[in-house]
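1. Okay, structure incoming, though there's no sequence with it:
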């Protein structure tokens, strides 16, 4: 018997441990997991030279900008950046142009996404105009996204009656609703107070802690009523985490945070200015400490990049004109592997955040290192040192807020459906 691919000399992440096994891949699936001495003949062989093979990592929150904003990113450049960062599956947000709020727009985005070198899912965005079409949309999308306040792209649904109807309709089809949790009224009030300032540092106060906390509280209340599967995107605050932790007792709720909140605070705005402008904004050191605690005590379920590229020219504007968002799909894993090396997080927990929990929450049943599953793997070298340079990035925007940062721990190979795609 000759198979498509064998992978040997690896420390395979199997049953939550790195064990010395080999992998046999045929027709894009895992055929067997066995000792290297038992591997059959194959058309291609990969020698991992003792490196760790993880299940294919998943990023549930990216903005690949196509259609409509392809000068920032597209499915080709974005997916190559993902593969370069060790990501095998991405889920793309709906705020493109046109937005994925109709069946036709979702179909068209799926067609564009065929350029992707990694696996993908598509979110449907919800507006008041398509709430009654949720059941039909569910046949074409992988999950739903609700913006409880305005952010990049103009999608917004902030009326509690409409939110309740949305959550109820999604609960009836057993899909996940993801929320951008900020409160529109609070944001508008504080924006008026701070609009005259030209100091980027004060952007965090223009979208304050109260905005996120109020929105999370509202989303939890409605989810409790409707029994929907609720996922809170990019949590930034200590208070918001506390609400989610308590809600887990009786609400089907998960949440994510992002590397920029774990590795930067609002004081980085003084140095980086608009290059660190994001929604929700960077918070205090106290909030950052709470996020790391939320990772260790499992309040936080998922780590996602919220990869949101803009050109450098767009970002280097006045703090109120510059768009919000930073690229990150390419750098998330190396930042987190550096944290593993610094003993800030265990590798087992990182795999939970970037593979196990995303796969479980979003129904990616073919993920995981088991016979019969799809052959998606992320190979890492925990000893490889790195320095982030804009010149080395594959994202089309060609910049990172972590330019010049140094660390240790890198993805060195990405395998998607049995094919090596890391460039």
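-> Okay, I see it. Just so it is clear, the structure is predicted and the values come from calculations on it, not from any experiment. Residues are numbered from 1 along each chain as shown.
2. Show me what counts as buried in the strand ranked longest in the chain.
-> In the chain, with assignment by DSSP state E, the single longest strand is strand 2-14. Neighbour-count burial for strand 2-14 flags 3, 4, 5, 6, 7, 8, 10, 11, 12, 13, 14 (criterion: 16 or more other C-beta atoms under 10 Å). C-beta here means a position set from N, CA and C on the backbone, and glycine is covered the same way.
3. Pick out the most distant pair among these.
-> Taking C-beta to C-beta, the two most distant members of those are 4 and 11; they sit 22.1 Å apart.
4. And the buried residues of strand 2-14, which is the shakiest by pLDDT?
-> When the buried residues of strand 2-14 are compared on pLDDT, residue 14 comes out least confident, at 81.
5. ok, it to residue 20 distance?
-> Distance check for residue 14 against residue 20: by C-beta to C-beta, to the nearest Å, it reads 10 Å.
6. still on that earlier bit, just give me the closest of the buried residues of strand 2-14 to residue 174.
-> residue 13 (29.8 Å).
7. Counting neighbours, what do you get for the nearest residue to that closest one once chain neighbours are set aside?
-> Spatial nearest neighbour of residue 13, excluding adjacent residues (C-beta to C-beta, 6 or more residues apart in numbering): residue 54 at 4.7 Å. Residue 54: 24 surrounding residues under other C-beta atoms under 10 Å.
8. Tell me what angle the worst-scoring helix or strand of the chain on mean pLDDT forms with strand 2-14.
-> For the chain, using mean pLDDT, DSSP states H and E, the weakest element among its helices and strands is strand 17-26, scoring a mean of 88. Between the axis of strand 17-26 and that of strand 2-14 there is an angle of 160 degrees, by axes from the mean of the first three to the mean of the last three C-alpha atoms, to 10 degrees.
9. Let me see the contact set for the residue nearest the centre of the chain.
-> Relative to the mean C-alpha position of the chain, the nearest C-alpha, by C-alpha atoms, centre = their mean, is the one of residue 304, at 2.7 Å. Residue 304 makes contact with 59, 60, 61, 62, 233, 234, 256, 257, 258, 332, 358 under the criterion C-beta atoms under 8 Å, 6 or more residues apart in numbering.
10. wait, what's in contact with the residue nearest to it when sequence neighbours are not counted?
-> Closest residue to residue 304 in three dimensions, ignoring its sequence neighbours and counting by C-beta to C-beta, 6+ apart: residue 61, at 3.7 Å. The contact partners of residue 61, by C-beta under 8 Å, 6+ apart, come to 91, 93, 178, 233, 234, 256, 258, 304, 305, 306, 307.
11. Residue 381 now?
-> So residue 381 contacts 51, 52, 409, 410, 412 (C-beta under 8 Å, 6+ apart).
12. Among these, which are located in strands?
-> For the contacts of residue 381, the ones inside strands are 52, 409, 410, 412, with DSSP E as the criterion.
13. The last one: neighbouring residues, count only.
-> Per other C-beta under 10 Å, the neighbour tally for residue 412 reads 15.
14. backbone phi and psi for the closest residue in space to it that isn't next to it in sequence, please?
-> When the adjacent residues along the chain are set aside, residue 412 lies closest to residue 381, with 4.9 Å between them (C-beta to C-beta, 6+ apart). Its backbone dihedrals place residue 381 at phi -120, psi 110, with angles given as degrees, to the nearest 10.
15. Bridged to residue 381, which residues?
-> The partner list for residue 381 in beta bridges (DSSP bridges) reads residue 410.
16. now residue 122, which residues is it bridged with?
-> Partner residues in beta bridges with residue 122: residue 92, with DSSP bridges as the criterion.
17. Check residue 25 too.
-> Beta-bridge partners for residue 25, by DSSP bridges, are residue 5, residue 30.
18. the helices in the stretch 1-150 of the chain, which residues?
-> Secondary structure of the stretch 1-150 of the chain, counting by DSSP state H, counting those that start in this stretch: helices at 75-84, 103-112, 134-137.
19. buried stuff in the last one?
-> In other words, helix 134-137. Taking 16+ other C-beta under 10 Å as the basis for neighbour counts, the residues of helix 134-137 that come out buried are 134, 137.
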